[in-house]
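Engineer: after the sequence you'll find the predicted model.
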Amino acid sequence: MYENEDYEVIDLREILQILKKRIKLILIVPIIFAIIGALVSIYLIAPVYESSTTLMVRSNKDSNVAIDKSDVDLSKSLIYTYAEMAKSNTVMENTKQELELTEIDSDSITVSPVKDTQILKVSVQNTDPKLATDIANTLVVEFTQEIIRITKTDNVAVVDYAKTPLEPEPIKPNKIMNTAIAAVLGEMLVLLIIFVLEYLDNTLKTEKDIEKYLEISVIGSIPNFNQGSKQANGKIQSKRRSKVSSGGVLQEDCSKY
């Protein structure tokens, strides 16, 4: 029981020692990755803008007739049908022809019902904010005309048309998030490399390594005079300066503290 606890403490110390040896890499590499992520987000990824407009699916009753709950429920159920119709090929083709575009990416257009309402929200994303606004406004007009043609009713009305702000803000890319993700990836990568290199390194460096892996006791050690102070077994091993005796004999004195 106690031996297992000792080994857990030693393993934790070894991990901390490994991280301490590579502390510069652990700190520098994530910063480099974060800078790369920020530069890519700013200069290489084109900003994407979004414009939105809203539609209301209303009852087809005469304005003088009171609207009851069943009419509201019917309008809500129609919303999901109309959401699919808004992205139909006919509506897309009419929008494309009206704006004289060669292609419209249907994946950049989102038509979603607003929960518990009779409202449809149409959002368009594009690298050109003005074009995104034009597509959104033209699409809802073509959609309402298509509803009239198919259902012979005029129960869809535009609530708000999209407008291009003077200083539009892109919704993509998220520079802060991309920078943070790049930093985390850099940290994970450098930790993986450090532990893989440490795992592949099977050399014995200290007396503890000999006792642990070879299961033999160390009865003595030879001091390394080619290096300065170094730490082994929790004790500092240092080399004192050479002294030359009056008789010209070189003496080395190595002591442990």
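Structural biologist: Nice, thanks for sending it over.
Engineer: quick check: pLDDT value at residue 220.
Structural biologist: pLDDT recorded at residue 220 is 69.
Engineer: I'd like to know which elements whatever helix or strand residue 198 lives in is packed against.
Structural biologist: When elements are assigned from DSSP states H and E, residue 198 belongs to helix 175-200. Packing contacts for helix 175-200, counted by 3 or more C-beta pairs under 8 Å, 6 or more residues apart in numbering; DSSP states H and E, involve helix 2-21, helix 23-39. For every residue, glycine as well, the C-beta is placed using N, CA and C.
Engineer: kindly recompute the last result at 7 Å.
Structural biologist: In terms of contact count using 3 or more C-beta pairs under 7 Å, 6 or more residues apart in numbering; DSSP states H and E, helix 175-200 is assigned the packing partners helix 23-39.
Engineer: tell me the strands beside the helix or strand that the helix it packs on is followed by, with direction?
Structural biologist: With elements assigned by DSSP H and E, the helix or strand that comes after helix 23-39 is strand 49-57. Partner strands for strand 49-57, per DSSP bridges, with pairing direction: strand 119-126 (antiparallel), strand 156-160 (antiparallel).
Engineer: ok, and what's touching the longest one?
Structural biologist: The contact list for strand 119-126, computed with C-beta atoms under 7 Å, 6 or more residues apart in numbering, reads 48-57, 79, 82-83, 86, 108-114, 132, 135-136, 139-140, 159.
Engineer: could you do stretch 88-104 as well?
Structural biologist: Counting by C-beta under 7 Å, 6+ apart, the neighbours of stretch 88-104 from elsewhere in the structure are 106, 134-135, 138-139, 142-143, 146.
Engineer: let's see it at 10 Å
Structural biologist: Taking C-beta atoms under 10 Å, 6 or more residues apart in numbering as the criterion, the residues outside stretch 88-104 that touch it are 85-86, 105-106, 109, 111, 124, 126, 131, 134-147, 149-150.
Engineer: likewise for stretch 166-183?
Structural biologist: With C-beta under 10 Å, 6+ apart as the contact definition, stretch 166-183 has outside contacts at 29-42, 44-51, 123, 125, 127-130, 132-133.
Engineer: first-to-last residue distance for it?
Structural biologist: From the first residue to the last, stretch 166-183 extends over 34 Å; the measure is C-alpha to C-alpha, to the nearest Å.
Engineer: quickly list the domain ranges of the chain.
Structural biologist: With domains defined by automatic domain parsing, the chain comprises 1-45+173-201, 49-160, 206-257.
Engineer: now do the first one, average pLDDT.
Structural biologist: For domain 1-45+173-201, the per-residue pLDDT values average out at 85.
Engineer: equivalent analysis for the longest one, please.
Structural biologist: Predicted confidence along domain 49-160 averages 85 (mean pLDDT).
Engineer: ok so, going back, the helix holding residue 198 versus helix 23-39: what angle between them?
Structural biologist: For helix 175-200 against helix 23-39, the angle between stretch directions is 150 degrees (axes from the mean of the first three to the mean of the last three C-alpha atoms, to 10 degrees).
Engineer: show me what counts as buried in helix 175-200.
Structural biologist: Of all the residues in helix 175-200, those buried under the rule 16 or more other C-beta atoms under 10 Å are 175, 178-179, 182-183, 186-187, 190-191, 194.
Engineer: CSV for those, including distance to residue 222?
Structural biologist: As requested, the buried residues of helix 175-200 are exported to CSV (distance: C-beta to C-beta, whole Å):
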residue, distance to residue 222
175, 57
178, 54
179, 51
182, 48
183, 45
186, 41
187, 40
190, 35
191, 35
194, 30
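Engineer: give me the neighbour count for residue 151.
Structural biologist: The burial count assigned to residue 151 is 15, neighbours taken as other C-beta atoms under 10 Å.
Engineer: try residue 137
Structural biologist: Applying other C-beta under 10 Å, we find 20 residues neighbouring residue 137.
Engineer: now it: how far from residue 170?
Structural biologist: 20 Å (C-beta to C-beta, to the nearest Å).
Engineer: repeat for residue 99
Structural biologist: According to C-beta to C-beta, residue 99 and residue 170 sit 21 Å apart.
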